[in-house]
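Q: turn this into a structure:
(chains A and B)
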Amino acid sequence: MKYTAPNKKGYFGKYGGKFVPEILIPALEELEEAYAESEKDPLFQKEYHDLLREYVGRPTKLTYANRLTEHYGRAKIYFKREDLCHTGAHKINNAIGQLLLARNMGKSRIIAETGAGQHGVATATACAKFGFECVIYMGAEDMERQKLNVDRMRLLGAEVRSVESGSQTLKDATNEAIRDWVTNVENTFYIIGSVVGPHPYPMMTRNFHRVIGEETKDQIKHEEGKLPDYLIACVGGGSNAIGFFYPFIEDENVKMIGIEAAGLGADTDQTAATLTIGTPGILHGSMSYLLHDQEGQIQLAHSISAGLDYPGIGPEHAYLNDTKRVHYYGITDRQAMDAVKLISEKEGIIPAIETAHAFAYLETLMPLTQRDEVVVVNCSGRGDKDMGTISEWFGKVPS
Amino acid sequence: MSLFITAGYPDLDSTVDLILGFEKNGADIIELGMPFSDPLADGPTIQYASNVAISNGITMKKIFDMVKEVRKSSEIPIILMGYINPVFRYGVEKFCSDAEESGVDGLIIPDAPLEESSIISDAAAKHGLEMIYLVAPNSTDVRMRSVDEKSSGFVYCVSVTGVTGARSGDEVARSVQKFIERVKTNVTRNPKLVGFGIKSHEDASLIARDLDGFIVGSALIDTVRKSYPNKGWKESVFQFVKELKYGNI
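A: Numbering: from 1, shown residues only, chains lettered A, B, ... in the order given. Model prediction:
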């Protein structure tokens, strides 16, 4: 079936839209227009793809995980190596794309929110490369958990502003970035780091990441002579997952699985499993699923991973969940940390804790697979930034 | 003069007294804020008041009860102002129905602009609630005319780009003249009230002199914050309201 979402108004089914204050309407219209032009502009596309190749290091590899495959003794497992992107995660695909747009629109100042710091680092990197003023909003708690990334952003010349309101994490950093945008809308471009926010951000960010899935498709056909049977990716806002899934949506035999952070468990109040236990609502400019109480007050999400503890999710994931094209499951802190250890030992790759949520689902999936099947996991980021949390979790580095 | 106060701030019991006192001291319209945990168009003052009100246990039902209580002795127009998510969660139809029943006159939902107004406009119309939309300095002339077309009650003119309460009156006054001129040309059906950054009678006289009225929110909440819970705090707040309306007399 032909997949055409979103519609002109930015809706994926009933999710999405433009729920923003009047002040941002002209900015979104300007952005929509500039983005539509960039898609048709061969010069823009060439510059973007040249940068992906020569600066980001694309295409990223598709690695056969032979020891992990032996460990489970079932389907063959491949990793799409977004951890090998410059800066250590997929986020830079989008940061570079949006920065080129900002430059073409004549904006002089860049702002962004960040949770784990990967999007902040990617944005600061793009700003350094192109000589832009850069302000990153980051929750105070996340600055503590992800100190290394704070130092990286500062070294790259960005100003990192600590956000002390609310849960002091990604949700609040996003609020503060939007307030900055409302105030400085004339000269400022807001580079949103996930497939959330008002239209056209969820669509635009997806499209800057779809290169992940496009490459995977070519690579797996080359390796296996067929499409994969399963794709697995972790989902916070959902940018790596949607970039990975999108080129496969019309391939109905490819089963796709999105993994949310269940924190201490989706049946506890210390969770970020938005699709598992949330209900529809509106936050940060779009309608999607949310964690909120009976009064519509947003609840604090919890996950050991700073990149996944967001009480919302991209509107396209809400839509793919409702239509059952993608199935979403929760993975707890403990399961994710076990996977960090397993993947490090079996494959010599230390995954980000966010990414480890996707790997952890292999425990559930693999016994159900056959030897002639193929599973691809999106290895969205590397775990160097998480060494503090990892050491603390295991008491010491596990041996 | 329209005054904004967050429902349930500084405590649940004072909201009704404050509204009645505002009316007595010169308010013509009350904008009653429905607190939201993530008020992304608001500056620190209204963020603070929203947080306090939520910790005080404010609920939508309590807000409707407050309006009912006011209605026992006052007919002052009451506009509920807040973000769309709590309204959506309550159920848009039930919300509009309960609002009508308790005596609410209109709604301002800043994050449901014209593009998304259909989420609530039919239900609001069915229950006789005015829908007040906003125009901002960066709104085009065409946009201002559409906002005027869709609005009822009045049009809320946001004097500066930014969050609520952020700028000082002088700064607002300097940049606002051109905007006011455009508003006068394009908004012709509805009364025009200007808000954001008005902190005194002088600010208001300067900024709103060519329009139909002005709105004060953050400056009022700051005044409550300074005096609460000292003895006689309400009186000092009402004194501030009187000065906003009439100047130092």
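Q: first-to-last residue distance for stretch A:237-255?
A: 20 Å (CA to CA, to the nearest Å).
Q: swap in stretch A:347-364?
A: 19 Å.
Q: likewise stretch A:102-120?
A: 16 Å.
Q: so which bits of it are buried?
A: Neighbour counts over stretch A:102-120 (16 or more other CB atoms under 10 Å in any protein chain shown) mark A:102-105, A:107, A:109-120 as buried. Every C-beta, even on glycine, is put in place using the N, C-alpha and C of the backbone.
Q: over to stretch A:83-97?
A: Quick answer for stretch A:83-97 (16+ other CB under 10 Å): A:83-97.
Q: low-confidence stretches in the chain?
A: Unless you meant another one, I'm taking chain A. Along chain A, segments meeting pLDDT under 70 span A:396-399.
Q: my bad, the chain I had in mind was chain B
A: Using pLDDT under 70, chain B drops low at B:168-171, B:173, B:249.
Q: what about 90?
A: B:160-178, B:196-197, B:206, B:248-249 (pLDDT under 90).
Q: for it, which segments are assigned as helices?
A: B:14-24, B:44-55, B:60-71, B:84-90, B:92-102, B:121-126, B:141-150, B:169-186, B:201-208, B:218-227, B:233-246 (DSSP state H).
Q: ranking the ones you listed by burial, who's on top?
A: Scoring those by mean neighbour count under mean count of other CB atoms under 10 Å in any protein chain shown gives helix B:84-90 as the most buried, with a mean of 23.
Q: need the contact list for the one residue in the stretch 51-200 of chain A that gets nearest to chain B.
A: For the stretch 51-200 of chain A, the residue closest to chain B is A:Thr183, as judged by CB to the nearest CB, at 4.1 Å. Listed by CB atoms under 8 Å, 6 or more residues apart in numbering or on different chains, the contact set of A:Thr183 reads B:Thr161, B:Gly162, B:Val163, B:Ala166.
Q: kindly report the residues of chain A close to chain B.
A: When proximity is defined by CB under 8 Å from any CB of the partner chain, chain A lies next to chain B at A:9, A:17-23, A:25-27, A:165-166, A:171-172, A:174-175, A:178-179, A:182-186, A:279-285, A:290, A:292, A:294-298.
Q: hmm, back to that, can you narrow the contacts of A:Thr183 down to the ones near chain A?
A: Near chain A, by the rule CB under 8 Å from any CB, you find B:Thr161, B:Gly162, B:Val163, B:Ala166 out of the contacts of A:Thr183.
Q: strands - which of these land there?
A: Taking DSSP state E, every one of the ones next to chain A among the contacts of A:Thr183 sits outside strands.
Q: distance of the residue most central in space within chain B from chain A?
A: Closest to where the C-alpha atoms of chain B average out (CA atoms, centre = their mean) is B:Glu31, at 3.7 Å. According to CB to the nearest CB, to the nearest Å, B:Glu31 and chain A sit 15 Å apart.
Q: ok, the closest residue to B:Tyr83 other than its chain neighbours - how many residues close by?
A: Excluding its sequence neighbours, the residue lying closest to B:Tyr83 (CB to CB, 6 or more residues apart in numbering or on different chains) is B:Phe36, at 4.2 Å. By the measure other CB atoms under 10 Å in any protein chain shown, the count of residues near B:Phe36 is 25.
Q: which residues does A:Leu64 contact?
A: In this structure residue A:64 is Tyr, not Leu. With CB under 8 Å, 6+ apart, A:Tyr64 has these contacts: A:Lys76, A:Ile77, A:Tyr78, A:Glu223.
Q: and if you look at A:Gln370?
A: Counting by CB under 8 Å, 6+ apart, A:Gln370 touches A:Arg74, A:Ala75.
Q: confirm it sits in a strand?
A: No: under DSSP: H, G, I helix; E, B strand; the rest coil, A:Gln370 sits outside any strand and is assigned coil.
Q: ramachandran angles for the residue of the stretch 51-200 of chain A closest to chain B?
A: phi -80, psi -40 (degrees, to the nearest 10).
Q: and for B:Asp111?
A: Dihedral angles for B:Asp111 - degrees, to the nearest 10 - are phi -100, psi 20.
Q: please consider this matter closed, and thank you.
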